[in-house]
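Visitor: fold the following and give me the result.
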Amino acid sequence: MLVRWLIPVGVGAASVAQVAHATQYLTMEQAQRAAFPDATAFETVRAKFDASALGVPTGWAPRVWQARVGERVLGTFFADAVIGKSEAIDYSLALDTNGTVIALEVLQYRESHGSEVRMAPWRMIFLEGLGEMPAHDGLVTHAGDPLLRVIACTGAPVCPEAHAETRALAATLAPYIPDHATLHVSGCAKGCAHPGPCAVTLVGTADGYDLVRKGSPRDAAEMHGLARAQILADPRMLTGAR
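Guide: Numbering: from 1, shown residues only. Predicted coordinates for the structure are as follows:
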């Protein structure tokens with residue numbers, strides 16, 4: 001649910017209205033039921049906290065409920081708000097009877113310094129309120145972008161399993177991959193980003209990159225130990241084109 005409202009800023013005739021946005025992901029009741037689906041009742045309780053022991057600000061006073069099935073206590077449900085970039089973020093926390101966290105949810109997010117940004121499936125970003133597509137290096141904004149022809153894992157040095165860098169190499173090689181084909185650059189033979197076959201697969205090894213055509217990172221390579229500079233000097237070798 002998207003809600004918009006005006007928040008007055010300043011005092012008197014010169015007051016300014018600022019547009020804010022809020023998205024509610026879960027109601028309090030929905031969050032309670034998600035955390036304790038077997039509960040038959042949520043009883044409000046008064047709780048006192050040792051702020052110094054918990055590492056929270058003095059005076060921290062969330063709303064607290066006990067989740068119950070009859071007389072049996074299932075756990076404790078907290079609801080509070082924290083300050084995000086500028087506005088409050090409502091959240092909930094659920095603990096079982098041993099004090100273990102079993103659920104942590106954002107209930108409502110507010111933003112008054114621009115339109116909302118949401119992460120959508122398949123690494124897409126939803127930007128609310130824009131009239132035209134923004135320009136940004138590395139941002140895919142049309143269906144024909146060569147970056148859509150490549151797949152790459154995190155690669156070295158971020159992934160400890162990877163033998164080679166992947167993402168920058170994949171982006172550089174993207175324009176050389178035909179429209180109907182896909183290049184997969186994998187930091188190792190595990191193929192985490194795409195375990196299936198591709199038209200071209202580069203697999204990072206201790207000796208360089210292995211080249212697999214029409215296969216997965218685990219399939220037999222046609223070429224072994226290719227250096228990055230060697231690949232970039234003749235990128236059309238990947239598809240066998242000359």
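
Visitor: show me where pLDDT drops low in this structure?
Guide: Applying pLDDT under 70 to the chain picks out residues 1-21, 51, 54, 85-86, 111-124, 128-130, 138, 241-242.

Visitor: could you pull out the helices for it?
Guide: 28-35, 51-54, 167-173, 228-233 (DSSP state H).

Visitor: how close does residue 215 get to residue 238?
Guide: Distance, residue 215 to residue 238, by C-beta to C-beta, to the nearest Å: 13 Å. Quick note: C-beta positions are derived from backbone N, CA and C, even for glycine.

Visitor: before we move on, what about residue 150?
Guide: 11 Å.

Visitor: overlap in contacts of these two?
Guide: Common contact partners of residue 150 and residue 238 (C-beta atoms under 8 Å, 6 or more residues apart in numbering): 173, 177, 183.

Visitor: which of those sits closest to residue 32?
Guide: residue 183 (47.5 Å; C-beta to C-beta).

Visitor: got a list of what that closest one touches?
Guide: Going by C-beta under 8 Å, 6+ apart, residue 183 touches 149-151, 170, 173-174, 177, 198-202, 238.

Visitor: again, but for residue 94
Guide: 31-32, 35-36, 67, 75-78, 101-104.

Visitor: now the shared contacts of residue 150 and residue 238 in CSV, with distance to residue 222?
Guide: Below are the shared contacts of residue 150 and residue 238 laid out as CSV (distance: C-beta to C-beta, whole Å):
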residue, distance to residue 222
173, 17
177, 17
183, 15
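
Visitor: tell me the one of those residues nearest residue 225?
Guide: The closest of the shared contacts of residue 150 and residue 238 to residue 225 turns out to be residue 173 (C-beta to C-beta; 17.6 Å).

Visitor: excluding sequence neighbours, find me the nearest residue to residue 107.
Guide: Among residues not flanking residue 107 along the chain, residue 90 sits closest, at 4.1 Å (C-beta to C-beta, 6 or more residues apart in numbering).

Visitor: quick one: that neighbour and residue 78 touch, right?
Guide: No. Taking contacts as C-beta atoms under 8 Å, residue 90 lies outside contact range of residue 78: 11.5 Å.

Visitor: give me the more crowded residue out of the two.
Guide: Using other C-beta atoms under 10 Å, the more surrounded residue of residue 90 and residue 78 is residue 90, with 20 against 15.
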